[in-house]
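Here is my input, please return the structure:
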Amino acid sequence: MDYANMSAKEIRELIRKNECIKPTAGMARGFTQANLVVLNKKLAFDFLLFCQRNPKPCPVLDVTEPGSAVPEIVAKGADLRTDIPKYRIYKYGELVEETLDIKKYWNDEMVGFLLGCSFTFEFPLISNGIPVRHIEEKCNVPMYKTNIQCIKAGKFQGPMVVSMRPMPEKDIVRAVQVTSRFPSVHGAPVQIGNPEHIGIKDINKPDFGDSVTIKEGEVPVFWACGVTPQAVAMEVKPEIMITHAPGHMFITDIREEQFGVL
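Numbering: from 1, shown residues only. Here you go, the predicted model:
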């Protein structure tokens, strides 16, 4: 299927029917994608404060009412329980399951958070002639835990996760300019080159996602990543936290330019 030229709603309908179970990079050209975090409402304020203090890895796009799975701001009529290709269930900080829907876990105490995703600015990068390797290689973006510690809020603390896209050195300035226009989906890079400086020991062994080819003369460029809450869950160990599986995002009805700075 030509996922790139389908609407967000069309793709969500396929996902809901389990007819599209794959990473969403490159899908629904022009529509903003989002990371998911679901928590019990007793932890929702602390997590919202954590996001406010750490807007680079956790830019909030929408928050649901307790018990509601409908993101009223970014995709009215969608269902956070079914409209993501794959979910992860964490209990007391341990990943216990990957599943295609979370209906059995949802209850009236649940609050859903949608956080901006860097997949949103990939089409603008491509439009500027900048390669996006994981789209070229039809795999998931590589993601890494770093030694950059997020600012603590309540119970929530832990390391920032970053995503990586290699590119020729000549493209880096333009990539910074393009992605800086999208602060609601992680904005400008947090590190250019020197992965060891942020605690990445082996660039070919990501903590999440897939390894991609880094060609001769290319530089790895790192952006803050919405998988950060999954690393935080491993530190904080809440009774339950539900997230998207890395790379399997929620596609909103909001066009990318609505979150961009023109």
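
Distance from stretch 250-259 to the middle of the chain?
13 Å (CA atoms, centre = their mean, to the nearest Å).

Show me what counts as buried in it.
Neighbour counts over stretch 250-259 (16 or more other CB atoms under 10 Å) mark F250, I251, T252, D253, I254, E256, F259 as buried. C-beta here means a position set from N, CA and C on the backbone, and glycine is covered the same way.

Helix or strand next in line after the helix or strand where P220 lies, which one?
Using DSSP states H and E, P220 maps to strand 218-224. Later in the chain than strand 218-224, the nearest helix or strand by DSSP H and E is helix 228-236.

okay, that following helix in PDB with CA atoms only?
Output of helix 228-236 as PDB, limited to C-alpha atoms (Å, rounded to 0.1, in the frame of the first residue of the first chain):
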ATOM      1  CA  THR A 228      12.300   8.500  27.000                       C
ATOM      2  CA  PRO A 229       9.300   7.600  29.200                       C
ATOM      3  CA  GLN A 230      10.000   3.900  28.600                       C
ATOM      4  CA  ALA A 231      13.500   4.400  30.000                       C
ATOM      5  CA  VAL A 232      12.000   6.400  32.900                       C
ATOM      6  CA  ALA A 233       9.500   3.500  33.600                       C
ATOM      7  CA  MET A 234      12.400   1.200  34.100                       C
ATOM      8  CA  GLU A 235      13.800   3.600  36.700                       C
ATOM      9  CA  VAL A 236      10.500   4.600  38.400                       C
END
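
Which neighbouring elements make contact with that helix?
With contacts taken as 3 or more CB pairs under 8 Å, 6 or more residues apart in numbering; DSSP states H and E, helix 228-236 sits against strand 87-91, strand 159-168, strand 241-244.

And Q52, how far from Y87?
25 Å (CB to CB, to the nearest Å).

So between the two, which is more surrounded?
Y87 (22 against 13; other CB atoms under 10 Å).

tell me the contacts of that one?
Residues near Y87 by CB atoms under 8 Å, 6 or more residues apart in numbering: L36, E98, T99, L100, D101, I102, I242, T243, H244, A245, H248.

Just give me the neighbour total for the closest residue to K205 other than its chain neighbours.
Nearest non-adjacent residue to K205, counting by CB to CB, 6 or more residues apart in numbering: S211, 6.9 Å away. Residues near S211, counting by other CB under 10 Å, number 16.

Just say helix, strand or coil for S211.
When classified by DSSP: H, G, I helix; E, B strand; the rest coil, S211 comes out as coil.

Out of the helices and strands packed on helix 228-236, flag the one nearest G129.
Closest of those to G129 is strand 159-168, at 10.0 Å (criterion: CB to CB).

tell me the angle of the lengthiest helix in the chain relative to helix 228-236?
Counting residues, the longest helix found in the chain (DSSP state H) is helix 41-53. Angle of helix 41-53 versus helix 228-236, following axes from the mean of the first three to the mean of the last three CA atoms, to 10 degrees, is 120 degrees.
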